[in-house]
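Colleague: Turn this into a model:
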Amino acid sequence: MNNQLSPEVQMQFMRPGQLEAAARAFPVVYVPFGLIEWHGRHLPLGNDALKAHGILVKCAEEFGGVVYPPVYFHAGFDSAHLEPVLTELFQRLRRTGFRVIVGVSGHNIQEQLEMVERALAPVLAEGAVAGIGLWEITLSHGEESNSDHAAKWETSNMMFFYPELVDMEELGTGPLNLDMKPPAGIGGLDPREHASVEVGARNVELAAAAIGRKARELLESLPEGGRRFGLGAIEPGQWWLV
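Modeller: Reported below is the predicted structural model:
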C-alpha cells in the first residue's frame, strides 16, 4: 500500500461525471470527523481528522464510494446546535442519492462517537439508507490495528500518510511522560521507540479493509431495489449543495 491519497475518490476534487460514476458503482459516502487538538509537539493538531480521512480514502480506493471532506467538529460543542447541523449534512447526502453513509471519527472517545451516531439516527430511521458511526479502528482493533493519543499508533499513521508533518526531534531524547498529562500530553507507548511507517501502513490497511467490508455489508442489507444510486443525474436541477 502506498501513502498517496487519490483525488479521484475525494468529493471536493471530483468533477460531476466522476462523482456520478463512482456513486452509481458503489453508492457509499464516507464522512471523516476530527478536531483541532494537542497531539504532542511532534504531530499536527488536526491529526484525528487527517487520520480518519486518509483511512477512508484508502477504503474508497479499494472498495469504491466517495469520501466527504474532513469535518472538524467535536462533542465539546453545544450538541443542541451542532447535532442538527450534522443531521442536515447526512440528510443532504441521502438526498444526493447515496444509499450508505459511514461516519468515522478519528477522535477516539465515546462522546465523539455518540455525537456521530445521534446525528445519523434520524436519517437512518427513514429507512431509505443504511449507515453506521465508527471509530477508525472499531472494526479492525487488534494487535496490528489500534489507537492511542499521539503515541505509537497515531504517530505511525502520520508517518505513513504525512511524513513531512511529523518532527520526532521535537520530543527530544530525555524522559517522556506517557500518561496524557502535561508536559507531554501523550498517552500510549513511547513513539520514539515504537512508531514506524510500517506500523502505520499495516494499521491503515486493516482499518480501511474492515470499513470497506462493513460498507458493502450495509449496502447489501438494503432491499435489492434500494441499492442503486438514488439521483437521476448530478447536474443542475437535480443536484445542488451538499
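Colleague: Run a quick neighbour tally on Pro84.
Modeller: Using other CB atoms under 10 Å, Pro84 has 13 neighbouring residues. Every residue, glycine included, has its C-beta placed from N, CA and C.
Colleague: what's the spacing between whatever helix or strand it lives in and its chain's center?
Modeller: Secondary structure assignment for Pro84, by DSSP states H and E: helix 79-96. With CA atoms, centre = their mean, to the nearest Å as the basis, helix 79-96 stands 17 Å off its chain's centre.
Colleague: and for it, what are the contacting residues?
Modeller: 23, 29, 31, 68, 71, 73, 101, 103, 115-116, 118-120, 122-123, 126, 128-129, 131, 230-231, 234, 239, 241-242 (CB atoms under 8 Å, 6 or more residues apart in numbering).
Colleague: Go through it and flag the buried ones.
Modeller: 82-83, 86-87, 89-91, 93-94, 96 (16 or more other CB atoms under 10 Å).
Colleague: now stretch 19-34
Modeller: Going by 16+ other CB under 10 Å, stretch 19-34 has these buried residues: 19-20, 22-23, 26-34.
Colleague: Could I get the average pLDDT for it?
Modeller: Stretch 19-34 comes out with an average pLDDT of 98.
Colleague: by contact count, what packs against the lengthiest helix in the chain?
Modeller: In the chain, with assignment by DSSP state H, the single longest helix is helix 197-221. Helix 197-221 makes packing contacts with strand 28-34, helix 47-63, strand 100-105, strand 130-135, helix 152-161 when contacts are defined by 3 or more CB pairs under 8 Å, 6 or more residues apart in numbering; DSSP states H and E.
Colleague: Turn these into a markdown table, including distance to Ile211.
Modeller: Below are the helices and strands packed on helix 197-221 laid out as a markdown table (distance: least, CB to CB, whole Å):
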| stretch | distance to Ile211 |
| --- | --- |
| strand 28-34 | 7 |
| helix 47-63 | 5 |
| strand 100-105 | 7 |
| strand 130-135 | 7 |
| helix 152-161 | 14 |
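Colleague: related to what we said a few turns ago, nearest to Met168 among the buried residues of stretch 19-34?
Modeller: Ranked by distance to Met168 (CB to CB), those are led by Gly34 at 21.7 Å.
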